[in-house]
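Asks: Predicted model and sequence below, questions to follow.
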Amino acid sequence: MSSKAPQSSRPDRLTEEEVLARVAKAARRASRFADEHITLAHGAGGKATRRLVESLFLEAFRNPLLETLEDQAVFDLRSETLAFTTDSFVVSPLFFPGGNIGDLAVNGTVNDLAVSGARPLYLSAGFILEEGFPVEKLRRIVESMQAAATAARVQIATGDTKVVERGKGDGCYISTAGVGVLERSIRLGAARAQPGDVVIVSGPIADHGVTILLARGELELESEILSDTAPLSGLVASLLDATSSVRCLRDATRGGVATVLNEIAVAADVCVRVEEDRIPVRDAVTGACELLGIDPLHVACEGRVVAVVGAAEAEAAIDAMRRDAAGREARVVGQISSEPRGTVLLRTKFGGTRIVDLLTGDPLPRIC
Amino acid sequence: MRFVDEYRSRDSAQCLSQEIASLLGSRTYQVMEVCGGHTHTIYKHGVEDYLPRGLRLVHGPGCPVCVIPMGRVDDARFLAEQEDVVLAIFGDMLRVPGGQGSLLDAKARGARVRVVYSPLDALKLAKEHPEKRVVFFALGFETTAPSTAATVVRAAREGIRNFSVFCNHVLIVPAVKALLDSPDLRIDGFIGPGHVSTIIGLGPYRFVPEQYGKPFVVAGFEPLDVLQALSMILRQLVEGRATVENQYTRVVPWEGNPRALALIHEVMELRPHFEWRGLGFISHSAFRIRDAYREYDAENLFELPSLRVTDPKACQCGEVLKGVLKPWECKVFGTACTPETPIGTCMVSSEGACAAYYHYGRFQRSPPDAARSL
């Protein structure tokens, strides 16, 4: 701007100096994010990106680590043993009964950390948004993420946003990574399961997968089933505080409880024997699975843990899990035996016996 | 859960199990369940744990996916690869191997294959995409043929011209007859298919007892249905009778569903012969679309290659479909041929004997009494 610009053009007759000072102040002011749709500019790294980051993400996730808006979050963990994980979320539809891609993305990573016995602390969040994605939806997703982070007592410490051209994405994909600290001496692993141990499931299975399947609307079935998406960190802490013989914990996501049981059977070279009539499944979920010809054991959960615990502590473990909201319906569903090795056997409700195999293919695409 | 648990009661199963054991005594019999739905039920619920050793179940050919020959899969692939075509199929057809790979492979390479849950979904797809030609891969026994026929009639009534059907509907009776005429078959009685019978009724099975002297009991698909049907078959055998009986009276009327049959015959007619995977050509064993509806017949609209592809040498699906081999007796079972990489069709559909055995039955079964105390 030239210093000879006519100052009289402004009705209030401010000096150029004053105007520049106001502009600088306005530029510093937290901008209101009034855009209605995501555009390519929001991913270009310029002012629009900054506006999105500051007035949407930072507003929602606000914490001292993120506030610095550096390229990284710097923190001190005061622990030598860390748990570190990453997960990507491409669920379709983005919003479903009981949750949305946002809380799913936080809970999924929190749970992957929690089942190691770690206390989850910090998450990163990477967003891949499609040009034209409504900001109102993004705002709802981000608010759900913050609510889930608060519930799980973690902070979203760093993040990134990219925007892809219309048609090249599916609205919104989220990738989260997480860090937690292992403060206990106990080490968990599927290979530690021993004959005689009991197998516990923390609540009704298959709610999430069936919810998504029905929410896609292709089957024209309606029900009141809600996704079970929930953080498991509180439940795991309660369990590990109360017992000392937990061998392994796994959250049963894609592939369902059947996959987890098979992983245990193979890793520990044991037989996992479960009783169909002890496995908690809601009636509406059983009904949907019967109609669709799928096995609830193969259907994903997003807030259920499978625990293998020494038999002597079975009751203490159940009591501890039930103290947490996510574990109110925890039950012993079976036990570990030695033969036949590497196999999961199910005693059916009918009274017969069959194996439980891994799922072939994927009847539920894009559930998380 | 109502309408499910009462058909899976352990107490009733115990009673039927004892009845079966006392009827059988020291005899040995082989009973074939014709329908893949029964095979699935038997393995999924562990029905065999209630059966004495002298009673052997033989799995039959009643799995519509299993009997589709490789050449027809290749034809379907050809359709899906046409510029403006969307091929609408049922999900369990995706992995069925053709001579040139499966439809899943074709889809990954860009062929337009869409999974649907009913022929009406395919018609809806056609309405939503007037710029595409939607071909529905129709398959199944008389159970599903009426819904295909009804969809063709609706398409004609609504004047939808970008919809057609690649018709692979087959008939149950010629298949059962072909089995009975097979020289290497030793079957003492049949569990008849439940859902097919809701359409065709029980009359068409009379030839089984009358000409071949074998009991034929149509059964439902819950595990207790299967046990009760087995007990009814054994009673006939012990009493020296052979007749058609209906265990599935809660669903199957003796005369079937005349309206559904009329609908099939309005839209479809018998083919002179049709190739069945593993069983070879069987006369009058399949439907094609009638001339009156030729504008909805993909075989009329497209120049299909229609090449006959011989089954891979290692594959013994034919013997498995005829019940000559148990799934695990096939040379490639579970090694070269698995549900992930099937060589034969029996390993693909959840109703296929090999897939059912692989998913549910693949362990050393203890003697009946030991199995009860898990």
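Replies: It's in.

Asks: is it true that residue A:265 touches residue A:346?
Replies: No. At 11.9 Å, residue A:265 does not count as touching residue A:346 under the criterion of Cβ atoms under 8 Å. Quick note: C-beta positions are derived from backbone N, CA and C, even for glycine.

Asks: of those two, who's got more company?
Replies: Taking other Cβ atoms under 10 Å in any protein chain shown, residue A:265 and residue A:346 do not tie; residue A:346 has more neighbours (27 against 24).

Asks: Might you report the residue contacts of the more buried one?
Replies: Contact analysis of residue A:346 by Cβ atoms under 8 Å, 6 or more residues apart in numbering or on different chains lists A:273-276, A:297, A:353-356.

Asks: Spatially nearest residue to residue 224, not counting backbone neighbours?
Replies: I'll assume chain A. Once flanking residues are discounted, residue A:224 sits nearest to residue A:284: 6.6 Å by Cβ to Cβ, 6 or more residues apart in numbering or on different chains.

Asks: I was thinking of chain B, sorry if that wasn't clear
Replies: Nearest-residue entry for residue B:224: residue B:7, 5.0 Å, with adjacent residues in sequence omitted and distances by Cβ to Cβ, 6+ apart.

Asks: can you check residue A:123 too?
Replies: Using Cβ to Cβ, 6+ apart, the nearest residue to residue A:123 is residue A:178, at 4.6 Å.

Asks: SS state for the one you found?
Replies: Following DSSP: H, G, I helix; E, B strand; the rest coil, residue A:178 is assigned to strand.

Asks: any idea how far it lies from chain B?
Replies: With distances taken as Cβ to the nearest Cβ, to the nearest Å, residue A:178 is found 32 Å from chain B.

Asks: Over to residue A:315?
Replies: Taking Cβ to the nearest Cβ, one finds residue A:315 at 21 Å from chain B.

Asks: ok, now how distant is that residue from residue A:249?
Replies: Going from residue A:315 to residue A:249 by Cβ to Cβ, to the nearest Å gives 18 Å.

Asks: Check residue B:88 too.
Replies: Taking Cβ to Cβ as the measure, residue B:88 falls 43 Å from residue A:249.

Asks: ok, back up a step: please name the residues that touch the residue nearest to residue B:224.
Replies: So residue B:7 contacts B:220, B:222-225 (Cβ under 8 Å, 6+ apart).

Asks: and what of residue A:312?
Replies: Applying Cβ under 8 Å, 6+ apart, the residues near residue A:312 are residue A:245.

Asks: Then residue B:316?
Replies: By Cβ under 8 Å, 6+ apart, the neighbours of residue B:316 are B:325, B:329-332, B:344.

Asks: Out of the residues you listed, the closest to residue B:242 would be?
Replies: residue B:325 (26.0 Å; Cβ to Cβ).

Asks: Kindly confirm my reading that the closest one is in a helix.
Replies: No. Using three-state DSSP, the assignment for residue B:325 is coil, not a helix.

Asks: Quick check, pLDDT for it.
Replies: Listed pLDDT for residue B:325 reads 86.

Asks: picking up where we left off before, of the contacts of residue B:316, the lowest pLDDT goes to which?
Replies: Within these, pLDDT reaches its minimum at residue B:344, with 82.

Asks: Quick check: chain neighbours aside, which residue is closest to that residue?
Replies: Leaving aside its sequence neighbours, residue B:344 sits nearest to residue B:317 (Cβ to Cβ, 6+ apart; 3.8 Å).

Asks: OK, contacts around the one you found?
Replies: Here residue B:317 is in contact with B:66, B:277-278, B:311, B:330, B:344-346, B:354 (criterion: Cβ under 8 Å, 6+ apart).

Asks: Mind putting the residues you listed into a markdown table with neighbour count and secondary structure?
Replies: A markdown table is the format used below for these (neighbours: other Cβ atoms under 10 Å in any protein chain shown; DSSP: H, G, I helix; E, B strand; the rest coil):
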| residue | neighbour count | secondary structure |
| --- | --- | --- |
| B:66 | 30 | coil |
| B:277 | 25 | coil |
| B:278 | 21 | coil |
| B:311 | 18 | coil |
| B:330 | 25 | coil |
| B:344 | 29 | coil |
| B:345 | 31 | helix |
| B:346 | 36 | helix |
| B:354 | 33 | helix |
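
Asks: Turn the residues you listed into a markdown table, including distance to residue B:149.
Replies: Listed next are the contacts of residue B:317 as a markdown table, based on distance: Cβ to Cβ, whole Å:
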| residue | distance to residue B:149 |
| --- | --- |
| B:66 | 23 |
| B:277 | 24 |
| B:278 | 27 |
| B:311 | 30 |
| B:330 | 36 |
| B:344 | 30 |
| B:345 | 25 |
| B:346 | 28 |
| B:354 | 31 |
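
Asks: Hmm, residue B:9 is touching residue B:224, no?
Replies: Yes. Applying Cβ under 8 Å, one finds residue B:9 in contact with residue B:224, separated by 6.8 Å.

Asks: residues shared between the contacts of those two?
Replies: Counting by Cβ under 8 Å, 6+ apart, the residues touching both residue B:9 and residue B:224 are residue A:350.

Asks: higher neighbour count, the two?
Replies: Neighbour comparison, residue B:9 and residue B:224: the larger count goes to residue B:224, with 24 against 16 (by other Cβ under 10 Å).

Asks: For residue A:111, see how far away the more buried one is.
Replies: In this view, residue B:224 and residue A:111 are 40 Å apart by Cβ to Cβ.

Asks: how much space between the residue nearest to residue B:344 and residue B:128?
Replies: Counting by Cβ to Cβ, the gap from residue B:317 to residue B:128 is 37 Å.

Asks: Over to residue B:294?
Replies: 24 Å.

Asks: quick one: which of the two has more around it?
Replies: Applying other Cβ under 10 Å to residue B:294 and residue B:128 shows that residue B:294 carries more neighbours, namely 12 against 9.

Asks: Just list the residues touching that one, thanks.
Replies: residue B:300.

Asks: That one should be in a strand, yeah?
Replies: No. Residue B:294 is assigned helix when assessed by three-state DSSP, not a strand.

Asks: per-residue pLDDT, it?
Replies: 96.

Asks: What residues does chain A have near chain B?
Replies: A:218-219, A:273, A:275, A:283, A:286-287, A:290, A:293, A:340, A:343, A:345, A:347-355, A:357, A:360-361, A:363 (Cβ under 8 Å from any Cβ of the partner chain).

Asks: from those, which would you call buried?
Replies: Among the residues of chain A next to chain B, those buried by neighbour count (16 or more other Cβ atoms under 10 Å in any protein chain shown) are A:273, A:275, A:286-287, A:343, A:345, A:347-355, A:357, A:360, A:363.
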